[in-house]
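Student: Got a predicted structure here, sequence first:
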Amino acid sequence: SYLSLSIMVLKVQCDCGKTAFTVEDSDVKVKAFCHCKECQVVASAPMVEVIAVAPDAITMEEGKDGDLKQFDMPNAKMARNFCVACGNTVWNTNKFGLCILSQGNIRKSGNDMEPIKPAIHLWYSERVHDCTDDLPKFLNFPESFGGDGKLHEEEKAREVVTDNTCKTCVIS
């Protein structure tokens, strides 16, 4: 399930270590691949591997006022929260008020990734590439998160064109 996790504490820090925080995985609202246009712009990628938590789930371990700044993204419903010393984005805040943590930041901070691997796709209607995994692909969000709960109807998966160039995004 995209909500079930074992109990563990995720420790995350910026590249220089000046800002660091913890999140209990029991506070994780969703673990997903996000295909929304805002994530694509912020990450300069076709999709982002994320977990989402409420702002009060983040406990700052390192850093003080002024070490972490927020930048409201122009033309997007998202804000970047970054370390002023190294510029590393430590989390984004989305239009639902959730803190979106990049699994890349979580991974490079030395956490066990197996319990928090993505379980669904969000905003699949805005995807750049089709994905051929077996995860549920919500056109926006599950109903429990305020979305319409509609799923993408799977087309012919793993279609390959004649020059052996894969048309789909294979997720391992």
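Tutor: That came through, no problem. Residues are numbered from 1 along each chain as shown.
Student: ok, which stretches of the chain are helices?
Tutor: 37-43, 103-108 (DSSP state H).
Student: What lies in contact with the last one?
Tutor: Spelled out, that is helix 103-108. With contacts defined as Cβ atoms under 8 Å, 6 or more residues apart in numbering, helix 103-108 is touched by 10, 12, 14, 49-51, 88-91, 113, 116, 118. Yep, even glycine has a C-beta here, placed from its N, CA and C like the rest.
Student: Make JSON lines from the helices of the chain and add mean neighbour count, distance to residue 137 and mean pLDDT to it.
Tutor: Shown next, in JSON lines, are the helices of the chain (neighbours: other Cβ atoms under 10 Å; distance: least, Cβ to Cβ, whole Å; pLDDT from 0 to 100):
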{"stretch": "helix 37-43", "mean neighbour count": "19", "distance to residue 137": "15", "mean pLDDT": "86"}
{"stretch": "helix 103-108", "mean neighbour count": "16", "distance to residue 137": "18", "mean pLDDT": "84"}
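Student: So which of these is nearest residue 128?
Tutor: Among these, helix 37-43 comes nearest to residue 128, with 6.9 Å by Cβ to Cβ.
Student: CA atoms of that closest one as PDB?
Tutor: Written as PDB, here are the backbone C-alpha positions of helix 37-43 (Å, rounded to 0.1, in the frame of the first residue of the first chain):
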ATOM      1  CA  LYS A  37       4.300  20.000 -14.100                       C
ATOM      2  CA  GLU A  38       5.500  21.800 -11.000                       C
ATOM      3  CA  CYS A  39       7.800  18.900 -10.000                       C
ATOM      4  CA  GLN A  40       9.000  18.700 -13.600                       C
ATOM      5  CA  VAL A  41      10.000  22.300 -13.500                       C
ATOM      6  CA  VAL A  42      11.500  22.300 -10.000                       C
ATOM      7  CA  ALA A  43      13.500  19.100 -10.600                       C
END
